[in-house]
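[1] Just a sequence and a predicted model for now, questions to come.
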Amino acid sequence: MKGTSNKELLLEMTKNGNVMKVKLNKRRRRTVLKLLHAIKEKCPWISYVLGVIPFIMGCIGYAKEGLSFWETVYAALAVYFVNPVNDMTNGYILFAEITSVLVVASIILSVLRYAYAKMGHFFIRLSKDATVVYTDNEMGQAVGETVRHGYVMYTDPDDDENKISKLKAEKVRNHIVMFTDDMDNVSFISKNEKKLQGDNIYLMLRDVDPTLLDAVDESKMNLHFFNVYDVLARDYWKKYNLYDRRKGKIKIAIIGFDQVGNAIFKYGYLNNIFSLVQSVEYHIWGASPAEVAFLNTLHTMNDDKIVVHDRGWEEDIEDLAQMDRVIYTFLDGTIELIQFVLYVNPLAEIHCYSDTPAGLAKLYLSDKIVAFGDMKEILTEESIENERLYRQGKLFNYDYSLRYSNSQPAQDFEEAAEKEWKKLNGFFKSSNVARADHYWIEQRLKADGEFDEDSEDAWRIEHIRWSRFYYVNHWSYAKERDNARRKHHLLVPYEELEYSEKAKDGIYSDVLRAEIDKLV
């Protein structure tokens with residue numbers, strides 16, 4: 001098994017078992033804490049009752065010793081300050097003295113804990129790159145652990161009553177907003193708009209498509225959107241890219257077309273563009289009827305193909321036997337899939353999505369089994385903020401604007417680029433970021449001598465990439481451009497373009513080219 005001894009495998013399995021036990025214990029502790037929190041939320045008066053128990057017991061004890069009413073009250077209050085007013089004692093008084101110490105100690109510890117946290121947050125906020133993560137889920141807490149200078153502001157997801165209003169924007173430069181519900185994220189931004197002026201906001205969206213968002217007034221804040229599955233898919237195709245196999249014929253199976261499978265296909269379709277003679281086939285299982293209808297409309301603009309299967313993957317044995325890579329995007333049924341593919345296609349790469357990748361690949365003889373999708377590794381402060389990618393996108397957009405106006409970059413081109421960027425809606429921002437996401441491939445092709453700077457081969461590849469971005473976002477060809485209807489007159493083969501349109505696929509300004517290249 002890949003040269004792994006039975007002893008090593010046993011140790012690995014034991015280690016995984018211990019990890020599962022630790023996770024189970026943590027889950028039990030969280031359940032108990034949630035239960036206690038729920039009781040406290042439903043019965044907030046419990047804390048006060050526990051706090052006055054020493055007083056009540058003291059009153060009973062001193063009354064039994066024959067003190068008057070006011071003497072009894074005074075003596076019972078004095079026990080909280082560990083300063084008995086007399087030497088009287090009995091069981092009630094002794095109980096009051098002991099429990100009062102516990103009450104006072106817990107109050108002092110709570111105050112010290114609060115003060116320590118606030119003091120720590122104060123010093124962290126002094127850092128220029130300080131970042132705060134606002135979240136109600138474990139994913140956001142995991143991101144918080146990767147922040148170099150920052151902390152997490154957490155709200156309990158079980159607290160349905162005004163949970164967003166309980167969190168206030170902190171005085172830092174960078175804010176990562178990661179609530180489970182998209183509307184909670186938007187609500188947080190709206191309620192803290194004044195406090196967020198001039199700051200960088202990284203807003204997580206799960207269901208809302210950022211390409212559908214209109215241009216927003218960003219004069220008061222610098223707003224970026226990110227989708228966890230987009231981040232995952234970008235990371236996947238960077239790690240397991242097809243660059244070294246770019247001139248051969250490659251067949252890729254994507255089994256499962258939920259959020260993960262959809263993102264994996266989308267970024268493969270957008271970024272796996274390496275050569276004018278490539279042939280990549282995407283075979284998709286598990287798409288809904290609406291998705292099938294859409295996928296059948298997508299053009300590749302080259303010899304790549306998209307094949308949608310209407311049967312279950314278990315029924316398409318002959319097709320799976322021809323695949324070079326099988327990407328399985330479901331969390332369950334993984335072992336069944338791996339063994340099935342190993343039977344019919346032992347030479348295929350098998351890539352399985354898992355939210356907790358472990359030593360699964362070590363169980364099999366094949367050395368081509370990969371587990372991907374560990375959000376703790378993928379979702380980090382760096383991958384979310386990704387200033388390099390955003391800055392490249394802004395510079396590409398500014399370069400386009402200079403070409404259209406036939407002008408040269410301003411002396412302070414960073415500020416000019418920022419102004420042009422703020423004019424864009426979500427679709428055109430995403431378009432420029434997609435160009436930046438593919439640019440490393442263009443640069444590597446040039447470095448490997450595939451084509452020269454600003455050659456027509458480079459322009460052809462960029463036109464294919466640009467066209468695919470429009471197609472995958474539901475644009476189509478029309479003789480006249482109509483942004484509102486998502487129609488574009490340039491969605492045609494490269495050869496049908498006029499030279500002036502072909503040249504737009506290159507970089508206009510040498511100054512901006514140098515800046516963009518620095519970021520690769």
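    Received, thanks.

[2] just checking, N185 touches F179?
    Yes: the criterion here is Cβ atoms under 8 Å, and N185 meets it with F179 at 5.0 Å. Every C-beta, even on glycine, is put in place using the N, C-alpha and C of the backbone.

[3] shared neighbours of the two, anything?
    The contact sets of N185 and F179 overlap at M204 (Cβ atoms under 8 Å, 6 or more residues apart in numbering).

[4] residues of stretch 59-76 that come out buried?
    C59, I60, G61, Y62, A63, L67, T72, V73, A75, A76 (16 or more other Cβ atoms under 10 Å).

[5] typo on my end, stretch 440-448
    W440, I441, E442, L445, K446.

[6] Counting only strands, which of these make the cut?
    Of the buried residues of stretch 440-448, none are assigned to strands by DSSP state E.

[7] Need these in CSV (columns: distance to W459 and pLDDT).
    Shown next, in CSV, are those (distance: Cβ to Cβ, whole Å; pLDDT from 0 to 100):
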residue, distance to W459, pLDDT
W440, 18, 95
I441, 14, 95
E442, 10, 93
L445, 12, 93
K446, 13, 92
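
[8] before we move on, back to that, in helices, which of the buried residues of stretch 59-76 fall?
    C59, I60, G61, Y62, A63, T72, V73, A75, A76 (DSSP state H).

[9] what helix or strand does V143 sit in?
    Following DSSP states H and E, one finds V143 within helix 138-146.

[10] Need the residues that contact that helix.
    Against helix 138-146 from outside (Cβ under 8 Å, 6+ apart): 133-135, 150-152, 154, 176, 178-179, 228, 375-376, 379-382, 384.

[11] Mind giving me the ChimeraX command for buried ones among the residues you listed?
    Those of those that count as buried under 16+ other Cβ under 10 Å are selected in ChimeraX with:
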select :133,134,135,150,151,152,154,176,178,179,228,375,379,380,381,384
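
[12] pretty sure I306 contacts Y282?
    Yes: using Cβ under 8 Å, I306 is in contact with Y282, at 5.1 Å.

[13] between those two, what contacts are shared?
    Common neighbours of I306 and Y282 (Cβ under 8 Å, 6+ apart) are Y269.

[14] more crowded one of the two?
    More crowded of I306 and Y282, by other Cβ atoms under 10 Å: Y282, with 23 against 17.

[15] The helix or strand where R460 lies: which residues count as buried?
    Assigned by DSSP H and E, R460 belongs to helix 456-472. Within helix 456-472, the residues scored as buried using 16+ other Cβ under 10 Å are 456, 458-472.

[16] Strands along the stretch 251-400 of the chain, start to end?
    Assigned strands in the stretch 251-400 of the chain, in chain order: 279-285, 305-309, 325-328, 349-353, 369-372 (criterion: DSSP state E, counting those that start in this stretch).

[17] Would you convert the ones you listed into a markdown table that also reports distance to E145 and mean pLDDT?
    Converted to a markdown table, the strands of the stretch 251-400 of the chain look like this (distance: least, Cβ to Cβ, whole Å; pLDDT from 0 to 100):
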| stretch | distance to E145 | mean pLDDT |
| --- | --- | --- |
| strand 279-285 | 35 | 97 |
| strand 305-309 | 39 | 97 |
| strand 325-328 | 28 | 97 |
| strand 349-353 | 22 | 94 |
| strand 369-372 | 20 | 89 |
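
[18] Kindly reformat those as JSON lines and extend each row with distance to T334.
    Shown next, in JSON lines, are the strands of the stretch 251-400 of the chain (distance: least, Cβ to Cβ, whole Å):
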{"stretch": "strand 279-285", "distance to T334": "15"}
{"stretch": "strand 305-309", "distance to T334": "19"}
{"stretch": "strand 325-328", "distance to T334": "6"}
{"stretch": "strand 349-353", "distance to T334": "5"}
{"stretch": "strand 369-372", "distance to T334": "8"}
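
[19] contacting residues around the residue most central in space within the chain?
    Geometric centre of the chain, nearest residue: V228, 3.2 Å, by Cα atoms, centre = their mean. By Cβ under 8 Å, 6+ apart, the contact set of V228 is M139, M204, R206, M375, L379.

[20] can you tell me the average pLDDT over stretch 165-184?
    Average pLDDT, stretch 165-184: 90.

[21] List the buried residues of that stretch.
    By neighbour count on 16+ other Cβ under 10 Å, the buried set for stretch 165-184 is L167, A169, E170, V172, R173, N174, H175, I176, V177, M178, F179, D184.

[22] Can you list which of those are found in helices?
    D184.

[23] out of the buried residues of stretch 165-184, which one sits closest to G256?
    Nearest to G256 out of the buried residues of stretch 165-184 is M178 (Cβ to Cβ; 24.5 Å).

[24] ok, the nearest residue to that closest one once chain neighbours are set aside to F330 distance?
    In space, and not counting its chain neighbours, M178 is closest to G140: 3.8 Å by Cβ to Cβ, 6 or more residues apart in numbering. Relative to F330, G140 is positioned 24 Å away (Cβ to Cβ, to the nearest Å).

[25] neighbour-wise, which of those two wins?
    Remark: of G140 and F330, G140 carries more neighbours, 21 against 16, as counted by other Cβ under 10 Å.

[26] so what's K446 up against?
    Listed by Cβ under 8 Å, 6+ apart, the contact set of K446 reads D452, E453, A458.

[27] Switch those residues over to CSV; also include pLDDT and distance to E145.
    Below are the contacts of K446 laid out as CSV (pLDDT from 0 to 100; distance: Cβ to Cβ, whole Å):
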residue, pLDDT, distance to E145
D452, 84, 45
E453, 78, 42
A458, 93, 41
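
[28] ok, of those residues, which one's closest to L337?
    For the contacts of K446, the minimum distance to L337 (Cβ to Cβ) is 39.2 Å, reached by A458.

[29] got the CA positions of stretch 271-278 in CSV?
    Extracted in CSV, the C-alpha atoms of stretch 271-278 (Å, rounded to 0.1, in the frame of the first residue of the first chain):
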residue,chain,number,x,y,z
ASN,A,271,-8.9,28.7,-16.1
ASN,A,272,-7.9,25.5,-17.9
ILE,A,273,-7.0,27.4,-21.1
PHE,A,274,-3.4,26.7,-21.9
SER,A,275,-3.0,26.0,-25.6
LEU,A,276,-4.5,26.5,-29.0
VAL,A,277,-4.3,22.8,-29.7
GLN,A,278,-5.7,21.5,-26.3
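
[30] who touches that stretch?
    With Cβ under 8 Å, 6+ apart as the criterion, stretch 271-278 contacts 237, 241-243, 246-248, 250, 280, 302-304, 437-438, 441, 445, 450, 457, 460-461, 464-465, 468.

[31] circling back: so which of the strands of the stretch 251-400 of the chain gets nearest D510?
    Across the strands of the stretch 251-400 of the chain, closest to D510 is strand 279-285 (Cβ to Cβ), at 33.1 Å.

[32] Buried residues, the closest one. List them.
    Within strand 279-285, the residues scored as buried using 16+ other Cβ under 10 Å are V280, E281, Y282, H283, I284, W285.

[33] Hey, what's the angle from that strand to strand 305-309? Just curious.
    20 degrees (axes from the mean of the first three to the mean of the last three Cα atoms, to 10 degrees).

[34] Give the other helices and strands that strand 279-285 contacts.
    Applying 3 or more Cβ pairs under 8 Å, 6 or more residues apart in numbering; DSSP states H and E, one finds that strand 279-285 contacts strand 249-255, helix 259-271, strand 305-309.

[35] Tell me how far that strand lies from the chain's centre.
    26 Å (Cα atoms, centre = their mean, to the nearest Å).

[36] ok, that strand: who's next to it in the sheet?
    Sheet pairing for strand 279-285, assigned by DSSP bridges, gives strand 249-255 (parallel), strand 305-309 (parallel).
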